[in-house]
Structure formats: structure tokens, C-alpha cells
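> I'd like to go over a predicted model; first the sequence, then the structure.
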Amino acid sequence: MRRKNQELLKSECDEILLKGKTGTLAVVGDEDYPYAVPLNYIYLDDKIYFHCAKEGHKIDSIKKNDKVSFCVVEKDEVVPEVFGTDFRSVIVFGRARFLAEDEIMSAIQKFTKKYCPKASEGAIQSEINKDFKRLCMVEIKIEHMTGKQAIEFVRKANQETSL
């Protein structure tokens, strides 16, 4: 990272990934064009998980090249007065793999609990069972992760520390 003073700690990156609801998956697509798609995810044990159909553009791309990146933006607020943006974001780089059928149930249950925390176990299981045969789950094993924040956050933290 070029601006080391704006780099987030691993714990801060973890917090952003845990809280986030949507991230953008980037893969090498057709004719080596980048292909990026926003999707819901969960972050568990230093891995990203998402679900999708068993076929489609991102599936084909991952089969051809399992190297992916994934970006989550926690904050993105334009501040016109300073001609800047207050932001905090994380980008992970890793390798994607398709979960085996016996791994999917545990992952999709955790996924559903994150996005539907008030749903009953019965309702969750019923929904999972309805679509299970069409369900694909992908795990991204993180090899490298960086987080960055706006310089204004750094300045503010430095001011608070000096008080």
C-alpha cells in the first residue's frame, strides 16, 4: 500500500468484513476482461463465503481462474468542502473454491442467520431445503488483505490522541 498511514489494522479489516452486507467480487471474465459483481456474503474464520446458482458467468470464470478479489466498502461519503471522500474499505485477494455438498448446509445456515436473524430455525430450514439442489456455495480463502481509510480519519484520530 502506497499510503501506509491510511492502512487499516487487520482487526479493523475484520470488523468491516464482519459488519458488511454487500461486497464486490472480481474475477477474470470472458476474453480476460475483469468481471465484477456485487453480492451478499459472510465472513467466517478468515474466509469469505457467498452463494449463487450452479451455473453462470461468475461460476465459469472461477472454474477458469480461481484467483479473485473481493471488496467491501464500509463508508463512502463525499465531503465537498474538502474536495474529498470519507471512506473505509477492505480488499481481499484469494482463491475461490466450490464447497462440496456436505459443506454447503453449514455455510448456508450461517449465511441465512446473518441476513434473516429473526427467522425461526424451521423457516430457515424450509427455505434452504426448497432451493438446496440449485445452490452453489463458494469459499474465498484469503491470501492477502488490505484496508484503507480516508486521510481525514487519520488526522482526526491523531488529534484525539494528542488531546
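Looks like it arrived, so ask away.

> Identify the bridge partners of the spatially most central residue of the chain.
With the centre of the chain defined as its mean C-alpha position, the nearest residue by C-alpha atoms, centre = their mean is G23, 4.3 Å away. The residues listed as beta-bridge partners of G23 by DSSP bridges are L39.

> That one against A36, yeah?
No: G23 lies out of contact with A36 (C-beta atoms under 8 Å); the separation is 10.2 Å. C-beta: built from backbone N, CA, C; applies to glycine.

> just so I have it, where are all the strands in the protein?
For the chain, the strands defined by DSSP state E occupy 22-28, 34-40, 42-44, 47-53, 67-79, 84-98, 135-149.

> just these: most buried one?
Using mean count of other C-beta atoms under 10 Å, the stretch among these with the largest mean neighbour count is strand 42-44, at a mean of 21.

> quick one: average pLDDT of it?
For strand 42-44, the per-residue pLDDT values average out at 96.

> Can you name the residues that contact the closest residue to L17 other than its chain neighbours?
The shortest distance from L17 to any residue other than its chain neighbours is 4.0 Å, reached at Y43 (C-beta to C-beta, 6 or more residues apart in numbering). The contact partners of Y43, by C-beta atoms under 8 Å, 6 or more residues apart in numbering, come to 14, 17-18, 20, 49.

> Great, nothing more from me.
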